[in-house]
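Colleague: Give me the fold of what follows.
(2 chains)
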Protein chains: 2
Amino acid sequence: MITLSDTPGLALYQDLYQQLRQAIQRGELSCGEKLPSKRKLSEQLGISVNTVDAAYAQLEAEGFIQSSPRRGYFVLETGILPQAEHPPAAAPAIPVQPEAPVQVDFSPQGMAREQFPFGVWRRLMRTCFNEYDPHILLRTPTQGDPGLRAAVAGYLYRARGVRCTPEQVIIGAGTDNLLLMLAYVLSPDYTMAVENPLYNHAHDLFARLGHPVSAVPVGPEGIELDALPEVARVVVYTTPSHQYPLGFSTPIGQRTALLRWTSHSQHRYIIEDDYDSEFRYESHPIPSLQSIDRQGRVIYLGTFSRSVAPALRISYMVLPTALLTVFQREYHGFSSTVSGFEQAVLREFMETGRFDTHVSRMRIYYRARRRSLVDALAPLQAHVELLGQPAGHHLTLRVHNGMEEAELLETALAVGVRVYPISPYFLGEVPREYRSTVLLGFGGLRDEEILQGAKLLAEAWLPNTGGTA
Amino acid sequence: MITLSDTPGLALYQDLYQQLRQAIQRGELSCGEKLPSKRKLSEQLGISVNTVDAAYAQLEAEGFIQSSPRRGYFVLETGILPQAEHPPAAAPAIPVQPEAPVQVDFSPQGMAREQFPFGVWRRLMRTCFNEYDPHILLRTPTQGDPGLRAAVAGYLYRARGVRCTPEQVIIGAGTDNLLLMLAYVLSPDYTMAVENPLYNHAHDLFARLGHPVSAVPVGPEGIELDALPEVARVVVYTTPSHQYPLGFSTPIGQRTALLRWTSHSQHRYIIEDDYDSEFRYESHPIPSLQSIDRQGRVIYLGTFSRSVAPALRISYMVLPTALLTVFQREYHGFSSTVSGFEQAVLREFMETGRFDTHVSRMRIYYRARRRSLVDALAPLQAHVELLGQPAGHHLTLRVHNGMEEAELLETALAVGVRVYPISPYFLGEVPREYRSTVLLGFGGLRDEEILQGAKLLAEAWLPNTGGTA
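Modeller: Numbers count the residues shown, from 1 in each chain, chains lettered A, B, ... in the order given. Modelled structure (predicted):
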């Protein structure tokens, strides 16, 4: 029995459609049953034939009923839906690490938001978001905006000696995304040799995509060549200019040795992840592996997360020509993963020279914050050792006060300071020499916070001396 | 022999550094050789000791030389770089399909740029790009901006009956990117059963990530249930509401049958790709599979490429709770692939109701363009057949004039009209019934272009009748 309701906002035809649909689903109208003709139903309900027609059309489109020429409408078999024995539970909340509030957080991810050129960026957004640009709403080619790729190629040559054409540059939504593309296009018989420790998920990612993976120790002399797998097809993943998290820079001799090792087979490649190349503070940056590679064996990776902003999910990868051919064949037809509009804004930022200016300014800014932190740690100096090069956005600190990592973190937290562990970056056991090592980021802190944090750390870590060694 | 040049813009220390470095690399200064003391070299060259000090520091940082306390600086083994037998060739240009200029291009990718709400979007960008928002420069959580996910969950419930919490929503840089995540987190013993034909790369993508893949025919009755692989762990990829490219909508009976099939094992899932759910024109949209699923077996996919803009690489995926747990475990720690800023703008667009308004307006707009095209094709009506539902941005046209696909495309091109083939979407041979079928997009065309294009097509396809059947 159909009774049309007066539900506001519900069109009559929708009401009728829903009631008929429910009747079918509840089995009140069963398979094969003939529906009243449109005219008859319209008279019964006092509504127009058009309304019934719309409801029947909807039911027909959804496959609840079928029209048979000159005979009318019949109910179709719609099937009984299986019911869950246990209905699905509500989704669990996304797990978040509850973090105690602290006075000073030495997060290595911290960034100086107030230094961002909001005004410039806003102007560029206005310029780029232009209704007369026929491309602004469209996706870019798979490898990214050609103008941005040319700007990246030019910048990399000036800043890092990287020699490539814009055709070799691939823009992707973050380094993880580029690694996923790379693991995807490389045939699974390539062994991936990754540094240990390592800052990202490359190990799991390559393994998940079917590649044999080997973790190779890395230290002050770079990745251990003797521990590299002696196979014909291999890709070595390394951060030679500023090892993350250890902070070391691979000496030139070891760099050339790695390139020589690679030359022993035609199918050996190196992924050079130069993630914070813009932030080397006390000397001219060390030449990139790509710039001294003569054989086209280096895949160069970089990111705008640090040099512009982490929100901007834009990284880039420079492929040697042999791999570019593979990439273009295997990844053909996939969409670019980065917003065309944001690529256009970044392209303008680079083409107008503002990127270089911004990077120079930020280098000076972060160098000063690093200097402040090093100075502020003076009271601890007899008990700590800085590892690696002056670069990036954190210090790698080896502490000689008898505490191991967990105790260093806990005692710091007890005085309201968060420092960061190095152990999560290691695959397997942490080697003895890094068991008392922690990370102190300085990118997001003001000088007074740095001073205050260092003072509290001295109290936490040298309690018997009153914090002054 | 060192002679400092007067190269403008080159600091003296850089000049000295480069000359020494070249001398070492060319073997003029060999391993173990002692360098002149800083004082001596500064006197020789008539430059300050500080300049020499900077150059030596740079060489030392790069591992070319080493200082030995009280003895001086010594050249280190830097190794000879292997040379390529054949130096790498210049990168090939990115292959582009050279396309002949045409009068009317019925591209299924066409969009109505002039209908985009540029003013509204600009205002939202201004509001969101706010230096006082502490999160605006930071990456969002892995699954995306929580506010955007809540807005998507709300919209999907209103528009498609999808029942989910914001926790179940994952934001990604396009559907390819979400499928890659999904293929990544699912264990490789899941067989992926994909529709054939299919609009995207899901087949290759799943195969590449190690999943057994099975192509299952699809037609007016939806995916063929009898052809689904009878294995315990399987994920069926389907576009039930508007099959792309065929245009069919799976009837409700087949939908429930697919859900019943899925219920036969605990590890059977369905990917419901509802890529253009916003654009159904002649009846109320058919209920999504997700909305009638009682067992938590449907992974629901959607995108903003069509409803907002393709440049905006934003799609979403709703995971059933069982898979959400797997996702959160396996994909833990990866970065979101979508710009935090653009997520914020889209969130505002949705939260302020402007998305709903825009979609309603665009639905009316595209429905009118579709109607124009159908009307314009009237001269051909005795010779063509429209497949599928009135939805989306293209017509699927079966032509009965004796021509097969290639000839249909060529004869159209000969009169200056581009129509699109259906064959690239098929894996393997095109079934007989689709060999004379082409796609005509209408999204990017004005009515006069549509009229002109249809007139030319009639001339091309019905030459003997003077274009009027």
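Colleague: what about the residue of the stretch 351-469 of chain A found nearest chain B, neighbour count?
Modeller: The stretch 351-469 of chain A approaches chain B most closely through A:Q389 (7.0 Å), counting by C-beta to the nearest C-beta. Glycine gets a C-beta too; all of them are placed from N, C-alpha and C. For A:Q389, the tally of surrounding residues (other C-beta atoms under 10 Å in any protein chain shown) stands at 20.
Colleague: again with the one 10 residues further on
Modeller: Residues within reach of A:V399, counting by other C-beta under 10 Å, total 21.
Colleague: Contacts only, for it.
Modeller: Contact criterion C-beta atoms under 8 Å, 6 or more residues apart in numbering or on different chains gives A:L380, A:H383, A:V384, A:L408, A:S436, A:T437, A:V438, A:W461 as the residues in contact with A:V399.
Colleague: My guess is A:E221 contacts A:R255. True?
Modeller: No - using C-beta atoms under 8 Å, A:E221 is not in contact with A:R255, being 10.5 Å away.
Colleague: between the two, who's got more neighbours?
Modeller: Taking other C-beta under 10 Å, A:E221 and A:R255 do not tie; A:R255 has more neighbours (28 against 14).
Colleague: quick one: the helices in chain A?
Modeller: Under the criterion DSSP state H, chain A carries helices at the ranges A:12-25, A:38-45, A:49-61, A:118-128, A:146-160, A:175-185, A:202-208, A:252-262, A:289-292, A:321-330, A:340-351, A:354-376, A:405-414, A:447-461.
Colleague: out of those helices, nearest to B:D105?
Modeller: Distances from B:D105 to each of the helices of chain A were compared by C-beta to C-beta, and the smallest falls on helix A:340-351, at 19.8 Å.
Colleague: any idea of the pLDDT on the most centrally placed residue in chain A?
Modeller: For chain A, the residue whose C-alpha lies nearest the mean C-alpha position (C-alpha atoms, centre = their mean) is A:G174; its distance is 4.2 Å. pLDDT, A:G174: 95.
Colleague: Identify the bridge partners of A:I299.
Modeller: On the basis of DSSP bridges, A:I299 is bridged to A:I271.
Colleague: State the pLDDT value of it.
Modeller: In the predicted model, A:I299 carries a pLDDT score of 98.
Colleague: Quick one, grab the pLDDT at A:A84.
Modeller: With respect to pLDDT, A:A84 has a value of 47.
Colleague: swap in A:E404?
Modeller: 97.
Colleague: Contacts for stretch A:51-69, please.
Modeller: For stretch A:51-69, contacts defined as C-beta under 8 Å, 6+ apart pick out A:12-14, A:16-17, A:20-21, A:24, A:35, A:38, A:41-42, A:45, A:73-76, A:78, B:249-255, B:282-284, B:286-287, B:389.
Colleague: how about the residues of the stretch 101-250 of chain A that lie near chain B?
Modeller: Along the stretch 101-250 of chain A, the residues adjacent to chain B under the rule C-beta under 8 Å from any C-beta of the partner chain are A:111, A:113-114, A:116, A:118, A:121-122, A:125-126, A:129, A:131, A:134, A:136-141, A:143, A:164-165, A:167-168, A:173-174, A:176-177, A:180, A:184, A:188, A:201, A:205, A:208-210, A:249-250.
Colleague: Looking at the stretch 201-350 of chain A, which residue is nearest chain B?
Modeller: In the stretch 201-350 of chain A, the residue found nearest to chain B is A:P251; the distance is 2.6 Å by C-beta to the nearest C-beta.
Colleague: Give me the phi and psi angles of that residue.
Modeller: phi -60, psi 160 (degrees, to the nearest 10).
Colleague: Quick check: the residue of the stretch 1-150 of chain A nearest chain B.
Modeller: A:G63 (2.3 Å).
Colleague: does stretch A:24-39 come close to chain B?
Modeller: No - contact between stretch A:24-39 and chain B is absent, the nearest approach being 8.7 Å (criterion: C-beta under 8 Å from any C-beta).
Colleague: got the buried residues for that stretch?
Modeller: The neighbour-count criterion (16 or more other C-beta atoms under 10 Å in any protein chain shown) identifies A:I24, A:Q25, A:L29, A:L35, A:K38 as the buried residues of stretch A:24-39.
Colleague: Low-confidence regions, the stretch 151-300 of chain A specifically.
Modeller: Residue ranges of the stretch 151-300 of chain A with pLDDT under 70: A:283-285.
Colleague: Does A:F116 touch B:L137 like I think?
Modeller: Yes - A:F116 lies in contact with B:L137 (C-beta under 8 Å); the separation is 5.9 Å.
Colleague: So which of those two has more stuff around it?
Modeller: Between A:F116 and B:L137, counted using other C-beta under 10 Å, B:L137 has the larger neighbour count: 21 against 18.
Colleague: Flag every residue of the stretch 301-450 of chain A that's near chain B.
Modeller: For the stretch 301-450 of chain A, the contact set with chain B under C-beta under 8 Å from any C-beta comprises A:305, A:309-313, A:320-322, A:324-325, A:328, A:330, A:333-342, A:389.
Colleague: Repeat the analysis, applying 7 Å as the threshold.
Modeller: Near chain B, the residues belonging to the stretch 301-450 of chain A are A:309-313, A:320-321, A:324, A:328, A:333-342 when assessed by C-beta under 7 Å from any C-beta of the partner chain.
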